[in-house]
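J.: need a structure here:
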Amino acid sequence: MDLSLSVEQESFRALARDFLEKEAVPHRIEWDRNESVDLSIIAKMAEIGFFGLTIPEEYGGLGGDYLTYVLGMEELGRADSALRGIVSVSNGLVGKSILGFGTEEQKQEWLPGIATGTKLGCFGLTEPDTGSDAGNLTARARRDGSDYVITGQKLFITNGTWADVALVFARTGGDGPRGITAFLVPTGTAGFEAREIKGKLGLRGQATAELFLSDVRVPESARLGEEGQGFKIAMTTLDKGRVSVAAGCVGIVQGCLETSVDYATTRTQFGRPLAGFQLVQDMIADISLDADASRLLVWRCADLIDRGLPFGIAASKAKLFASEAAVRAANNAIQIYGGAGYIDEYPAQKYLRDARVMTLYEGTSQIQKLLIGRAETGISAFV
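T.: This next block holds a predicted model:
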């Protein structure tokens, strides 16, 4: 594995950081307090290319490799994880599902808009009673002539109130994973309703919604993949989604490192900089170590994806380590800041609030451990 970046990759990372320093970082406190980013940022991010990374040029994207994608996700995580979630769900979960399993007509219909940020997607998998147990979801899609009629409820759906298309997973067959099918549902379809969830601990700038589907009728052409293939589509997509989450967590850890070093070298106590105290340096060293270790795990995943090699377990390891590392790093950053770390004028507390959910969504830390354990032992501990 070559750990060096190409000139193009370095250039994109520098471009992304410079853009976010100007367009996102100065506003993230306001967005967090308002519980919404300024939606004009989406078009600006699209101009930089965030939404088109890894989507082929023939569908309006930039093409490019997966390592460039994770570099972008890291910079978004460092600036404001709410922005990373918007891109990761629309481009990563929805766009890559369409790219991997869609018909040519579906690709032409949705990918150009997703790649240019003029259309957003949301990923409708989680339900009120099925989070980690996605194979037992209860939303249903019944055949009615050449159409499907979908009824059900989805919960904690990023981009839910902003999306133009929802990738909805519903049961078309019997119990268990093999009975699930995926559908591309335009959010303006009759019977589709999205209600925003307010009062989140973190990621407050991105729209999180509850979806209600009441006899939502879609044509057969809206089905993504074959009947019964939905669970496979979801799990395949989530493997890459976990890499994106992990990359965003690298950004959180890196942000914690930079803000901690800045504060510790400029703030004085007892007549000396905070950085001059051994226990402060101990915490900074821990954050630095977590940044490097997380980044290497993520880059390994990107390298495997770019070479067309299996990466699922590597993604679980990267997501598990990086998400837990982000919580540790943010906790250490608050400790270094002291009381100032507890108020929202400084970034440490936001990093902690944003990091906490990373250990939960797209597969909890406990689920990642079960996946890793199954790969190592050959024995499944899933019920």
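
J.: so residue 362 is in which element?
T.: Per DSSP states H and E: residue 362 is located in neither a helix nor a strand.

J.: give me the nearest residue to residue 196, chain neighbours excluded.
T.: Nearest non-adjacent residue to residue 196, counting by CB to CB, 6 or more residues apart in numbering: residue 161, 4.7 Å away. Any C-beta I mention is one placed from the backbone N, CA and C, and that applies to glycine too.

J.: just give me the neighbour total for the one you found.
T.: Neighbours of residue 161 under the rule other CB atoms under 10 Å: 18.

J.: what's the mean pLDDT across stretch 233-245?
T.: Mean pLDDT, stretch 233-245: 95.

J.: repeat that for stretch 183-195.
T.: For stretch 183-195, mean pLDDT rounds to 98.

J.: run through who's touching that stretch.
T.: Residues outside stretch 183-195 that contact it (CB atoms under 8 Å, 6 or more residues apart in numbering): 98, 102, 106, 110, 122, 124, 141, 148, 150, 157, 160-161, 163-170, 209-218, 222-224.

J.: in strands, which of these fall?
T.: Applying DSSP state E to these, the entries found in strands are 122, 124, 141, 148, 150, 157, 165-170, 209-218, 223-224.

J.: which among the residues you listed end up buried?
T.: Among these, those buried by neighbour count (16 or more other CB atoms under 10 Å) are 122, 124, 141, 148, 150, 157, 165-170, 209-211, 213, 216, 218, 223-224.

J.: now the helices for the stretch 101-250 of the chain?
T.: Counting by DSSP state H, counting those that start in this stretch, one finds helices in the stretch 101-250 of the chain at the ranges 104-116, 230-266.

J.: which of those helices sits most buried?
T.: Highest mean neighbour count of these: helix 230-266, a mean of 24 (counted as mean count of other CB atoms under 10 Å).

J.: next up, the contacts around residue 382.
T.: Residue 382 touches 370, 374, counting by CB under 8 Å, 6+ apart.

J.: oh, and call the first residue 726 from now on, that's how I've got it
T.: Got it, first residue is 726 now, which makes that one residue 1107.

J.: against residue 1100, how distant is it?
T.: Separation of residue 1107 from residue 1100 (CB to CB, to the nearest Å): 13 Å.

J.: host element of the residue nearest to residue 801 when sequence neighbours are not counted?
T.: Nearest non-adjacent residue to residue 801, counting by CB to CB, 6+ apart: residue 809, 3.6 Å away. Secondary structure assigned from DSSP H and E places residue 809 in helix 806-812.

J.: chain center to that helix: distance?
T.: 7 Å (CA atoms, centre = their mean, to the nearest Å).

J.: what about the strands in the protein?
T.: So, for the chain - with DSSP E - the strands run 846-849, 865-869, 872-883, 890-896, 905-911, 917-921, 933-944, 948-949, 993-994, 997-998.

J.: partner strands of the fifth one, parallel or antiparallel?
T.: Put plainly, it is strand 905-911. Strand 905-911 has the following strand partners under DSSP bridges: strand 890-896 (antiparallel), strand 948-949 (antiparallel).

J.: circling back: my guess is the residue nearest to residue 921 meets residue 934, correct?
T.: Yes - using CB atoms under 8 Å, residue 886 makes contact with residue 934 at a distance of 4.8 Å.

J.: any shared contact partners between those two?
T.: Contact with both residue 886 and residue 934 is made by residues 919, 920, 921, according to CB under 8 Å, 6+ apart.

J.: next one: the first one from residue 1023, what distance?
T.: When CB to CB is applied, the distance between residue 919 and residue 1023 equals 31 Å.

J.: which of those two has more neighbours?
T.: residue 1023 (31 against 21).

J.: hmm, back to that, take the strands of the chain and lay them out in TSV including distance to residue 793.
T.: Converted to TSV, these look like this (distance: least, CB to CB, whole Å):
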stretch	distance to residue 793
strand 846-849	21
strand 865-869	36
strand 872-883	22
strand 890-896	24
strand 905-911	27
strand 917-921	32
strand 933-944	27
strand 948-949	26
strand 993-994	41
strand 997-998	37
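
J.: among those strands, which is nearest residue 1085?
T.: Nearest of the strands of the chain to residue 1085, taken as CB to CB: strand 872-883 at 9.2 Å.

J.: extract the C-alpha set from the closest one and format it as PDB.
T.: Presented in PDB, the C-alpha positions along strand 872-883 are these (Å, rounded to 0.1, in the frame of the first residue of the first chain):
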ATOM      1  CA  ASP A 872     -47.000  -0.800  -9.700                       C
ATOM      2  CA  TYR A 873     -45.900  -1.200  -6.200                       C
ATOM      3  CA  VAL A 874     -47.700   0.400  -3.200                       C
ATOM      4  CA  ILE A 875     -45.500   1.100  -0.300                       C
ATOM      5  CA  THR A 876     -46.600   1.600   3.300                       C
ATOM      6  CA  GLY A 877     -44.400   2.000   6.400                       C
ATOM      7  CA  GLN A 878     -42.400   4.400   8.500                       C
ATOM      8  CA  LYS A 879     -38.700   5.300   8.600                       C
ATOM      9  CA  LEU A 880     -36.800   7.000  11.400                       C
ATOM     10  CA  PHE A 881     -33.500   9.000  11.800                       C
ATOM     11  CA  ILE A 882     -33.300   9.700   8.000                       C
ATOM     12  CA  THR A 883     -30.500  12.200   7.100                       C
END
